[in-house]
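Student: the sequence and its predicted three-dimensional model are supplied below.
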Amino acid sequence: MKQMIIHGGKPLKGDVWIGGAKNSTVALIPASILSRTPVTLEAVPRIADVDNLMDLLTEMDVKCNFHETTLEINPDKIKMSPLPAGKIKSLRASYYFMGALLGRFGKAVVGFPGGDDIGPRPIDQHIKGFEALGATVKNENDQIIITAPADGLHGAKIHLKMPSVGATMNIIMASVTAQGQTIIENAAKEPEIIDLATFLNNMGATIRGAGTDSIRIEGVEQLKAQIPHTIIPDRIEAGTYVSLAACIGNGIRIHNIIEEHLDSYLAKVEEMGVVIDSDEDSLYVYPAGDLKMVQVKTDVYPGFATDLQQPITPLLLTAKSGEGVVIDNIYPKRVGHIPELQKMGADIRVEDNIILVHPTPKLRGAHVSAGEIRAGACLMLAGLMADGETVISNAGNILRGYDRVQEKIRQLGGDVTVIDK
Ligand SMILES: CC(=O)N[C@H]1[C@@H](OP(=O)(O)OP(=O)(O)OC[C@H]2O[C@@H](n3ccc(=O)[nH]c3=O)[C@H](O)[C@@H]2O)O[C@H](CO)[C@@H](O)[C@@H]1O
Ligand SMILES: C=C(OP(=O)(O)O)C(=O)O
């Protein structure tokens with residue numbers, strides 16, 4: 001088990017570079033098996049989710065070569081293997097092997113995915129999509145067995161009950177090689193969906209409308225990667241560093257940003273009074289002055305991302321007065337960080353899934369646990385702000401999605417060490 005040890009209270013300064021988006025990467029890696037030719041992904045983040053996905057590819061005899069930030073995936077010798085348990089449980093995005101295997105082989109046997117403990121996360125909309133394409137879906141012994149009809153999947157019109165990121169991506173992967181046209185209505189509009197569509201279209205797929213709520217896919221026979229694909233920057237990692245910079249920064253420039261992907265988040269941080277200069281693909285966050293308390297309500301893109309509600313919370317604690325309110329409409333139970341922040345002296349509580357935040361001039365170091373990735377990011381920021389030593393157990397959850405985090409924070413002057421315990 002990993003532990004993160006932080007000696008807080010040091011102002012941070014300098015430059016930080018954002019890695020490729022976790023939530024794109026974890027879809028693009030499974031989607032690579034749809035290609036008949038080797039795939040090259042660039043700007044791949046160094047995160048545990050990538051290591052686990054590479055292990056899953058190895059189980060299928062798919063060769064991976066990960067050097068610096070370039071990942072080469074060669075599915076030449078791929079064999080259709082069941083992926084019942086083990087690494088499947090280590091991350092949420094292993095569910096993308098359902099759509100990818102179904103699209104490539106017409107059959108997928110995949111264990112129920114793992115991922116963050118943030119309340120119930122059903123996959124009924126993914127299943128509904130596979131069934132609409134003609135597949136039979138059975139649930140046996142904690143695994144899902146999905147089988148296309150003998151004459152293959154056929155396009156269909158699928159209306160999602162809610163704009164699910166995972167269901168949208170999974171249906172795209174299953175339908176790119178289906179016969180005829182698929183239309184996904186009420187599709188998710190997150191930038192990572194556009195990234196997946198760009199990747200697949202460059203391999204010969206015909207996907208139109210990604211980034212809107214209606215996506216149309218014309219099935220094609222085969223996909224072949226021809227050119228390297230550069231993954232978009234991670235907007236959640238970027239938002240986390242904006243929050244860090246505003247909490248304890250003494251002037252921090254954050255590079256490799258697509259500002260538009262952060263619009264709602266930056267609007268909220270600026271409403272608090274944080275001053276940010278933007279350049280072409282970087283942001284400079286000035287040391288924060290007196291900040292105002294605000295209300296945060298999460299929503300689907302382009303709304304305020306659920307994955308940023310915990311990273312902004314330490315910043316709310318620095319406000320001078322008033323009561324802050326955080327409501328997570330996507331995952332109302334995503335409140336596991338609150339008791340941990342209380343151990344650090346934060347004046348914060350939860351009432352009926354509503355987080356109430358009060359100004360806390362000083363946090364103190366404590367032993368806390370990162371129940372999930374963004375709770376971990378929140379505690380990491382709190383630890384950097386706090387007096388004394390903070391020890392975060394279950395820090396592996398932070399490493400699931402934060403690219404080279406120890407190195408990046410040390411470069412800014414932070415005292416952070418990750419150890420195996
Ligand atoms: C790997 C990845 O990209 N993870 C992201 C993805 O997760 P994920 O794709 O799992 O999240 P979804 O967009 O599917 O979930 C959105 C909401 O829909 C519900 N739902 C979803 C599918 C379904 O079949 N039935 C159902 O009820 C979920 O419980 C949740 O309340 O989007 C989330 C919401 O932006 C982010 O927090 C995660 O970081
Ligand atoms: C919830 C998240 O991840 P996952 O869907 O991979 O569990 C997240 O990145 O905040």
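Tutor: Received the coordinates, thanks. Ligands and ions are numbered 1, 2, ... in the order given.

Student: for ligand 2, what are the nearby residues on the stretch 301-421 of the chain?
Tutor: Selection of the stretch 301-421 of the chain residues close to ligand 2 by CB under 6 Å from any ligand atom yields 307, 373-374, 401. For every residue, glycine as well, the C-beta is placed using N, CA and C.

Student: so can I have a markdown table of those showing secondary structure and pLDDT?
Tutor: Listed next are these as a markdown table, based on DSSP: H, G, I helix; E, B strand; the rest coil; pLDDT from 0 to 100:
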| residue | secondary structure | pLDDT |
| --- | --- | --- |
| D307 | helix | 98 |
| I373 | helix | 96 |
| R374 | helix | 98 |
| G401 | coil | 94 |
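
Student: from those, which single one is nearest ligand 2?
Tutor: Of all those, ligand 2 sits closest to D307, with 3.8 Å by CB to the nearest ligand atom.

Student: so the closest one sits against I236, correct?
Tutor: Yes. The criterion here is CB atoms under 8 Å, and D307 meets it with I236 at 4.5 Å.

Student: name the residue in these two with the higher neighbour count.
Tutor: More crowded of D307 and I236, by other CB atoms under 10 Å: D307, with 26 against 23.

Student: any residues in contact with both of D307 and I236?
Tutor: Shared contacts of D307 and I236, defined by CB atoms under 8 Å, 6 or more residues apart in numbering, are found at R374.

Student: which residues in the stretch 151-300 of the chain form helices?
Tutor: Listed in chain order, the helices of the stretch 151-300 of the chain (DSSP state H, counting those that start in this stretch) span 165-175, 191-201, 235-248, 263-272.

Student: mean confidence score for the second one?
Tutor: To tie it back to what came earlier, the one meant is helix 191-201. When pLDDT is averaged over helix 191-201, the result is 98.

Student: mind checking how far it is from the chain centre?
Tutor: Relative to its chain's centre, helix 191-201 lies at 15 Å (CA atoms, centre = their mean, to the nearest Å).

Student: now do it: which elements does it pack against?
Tutor: Judged by 3 or more CB pairs under 8 Å, 6 or more residues apart in numbering; DSSP states H and E, helix 191-201 is in contact with helix 22-31, helix 165-175, strand 206-208.

Student: mean pLDDT added to the ones you listed, as JSON lines?
Tutor: Converted to JSON lines, the helices and strands packed on helix 191-201 look like this (pLDDT from 0 to 100):
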{"stretch": "helix 22-31", "mean pLDDT": "98"}
{"stretch": "helix 165-175", "mean pLDDT": "98"}
{"stretch": "strand 206-208", "mean pLDDT": "98"}
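
Student: what's the closest of these to N74?
Tutor: With CB to CB as the measure, helix 22-31 is the member of the helices and strands packed on helix 191-201 nearest N74 (12.7 Å).

Student: for K224, what are its contacts?
Tutor: Counting by CB under 8 Å, 6+ apart, K224 has contacts 35-37, 203-204.

Student: for burial, what's the neighbour tally of the closest residue to V26 other than its chain neighbours?
Tutor: Among residues not flanking V26 along the chain, A93 sits closest, at 3.4 Å (CB to CB, 6 or more residues apart in numbering). Per other CB under 10 Å, the neighbour tally for A93 reads 22.
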